[in-house]
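Enquirer: Generate coordinates for the sequence data below:
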Amino acid sequence: MKIVLYILFSLFLVWKSQSAQDHYWRDWNGTLPWDAFVAGNDSRGNIYVAQAYLLKTGLYSGYIIGANRSIQINPTLSNGPLRSSDVIKILCVKPGDNTFYWLTANTTLTPTLVKYTPVVKGGVAFNNNTVYVARYVVNDKVYVGSVHTDYYAYYVDDANTPKYTNTYQLLIYALD
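Expert: Numbering: from 1, shown residues only. Sure thing, here's the model as predicted:
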């Protein structure tokens, strides 16, 4: 029961903290929503931002390619990668919305960015720290992961290897 309450509370915090209704999280059932946000495109196809809850760890961001029913999440190197198929959501935006962009960031710049810019929140860690949506492009492949407490971006590569980087892109939305 505590876990269910934690999940609901975490989802409420993420929803409430982002009052702009220009983006939202839809349940993922294997069918791509018509309003899904495309984080990038590479040889594997379109890459979509996903979110999943990991027991006793938190709510984190990752990516979906095609109609995969589960996603790889890397909350930290000591915990990842973790395959999750529970409480999967996919980031969606209003049709024709061009207010999202990827801003280059790093471990030094991110603390200032999250304080003064509207960074898209991708979850909540178990210790109540905010998780942000990050993208990393390497060898012409697009990966989506999470940035949190230490401001590194954590993601999982094609070989199912947990990775992290100190330079990445944060998902930002422009306010009206």
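
Enquirer: rest of the way, CA atoms for contacts and neighbours
Expert: OK.

Enquirer: State the three-state secondary structure for the residue most central in space within the chain.
Expert: Against the mean C-alpha coordinate of the chain, by C-alpha atoms, centre = their mean, the closest residue is residue 61 at 2.8 Å. At residue 61 the chain is in strand, as set by DSSP: H, G, I helix; E, B strand; the rest coil.

Enquirer: so after the lowest-mean-pLDDT helix or strand in the chain, what's the next helix or strand?
Expert: Between all helices and strands in the chain, the lowest mean by mean pLDDT, DSSP states H and E belongs to helix 2-17, at a mean of 42. Using DSSP states H and E, the next helix or strand after helix 2-17 towards the C-terminus is strand 23-27.

Enquirer: Parallel or antiparallel, list what pairs with that following strand.
Expert: The strands beside strand 23-27 in its sheet (DSSP bridges) come out as strand 89-93 (antiparallel).

Enquirer: helices or strands next to the next helix or strand after the strand it pairs with in the packing?
Expert: As assigned by DSSP H and E, the chain's next helix or strand after strand 89-93 is strand 100-106. In terms of contacts (3 or more C-alpha pairs under 8 Å, 6 or more residues apart in numbering; DSSP states H and E), strand 100-106 is packed against strand 167-173.

Enquirer: Return the distance of the strand it packs on from the chain's centre.
Expert: With C-alpha atoms, centre = their mean, to the nearest Å as the basis, strand 167-173 stands 10 Å off its chain's centre.

Enquirer: Residue 149 and residue 129 touch, don't they?
Expert: Yes: using C-alpha atoms under 8 Å, residue 149 is in contact with residue 129, at 6.6 Å.

Enquirer: Is residue 60 bridged to anything, and to what?
Expert: residue 52.
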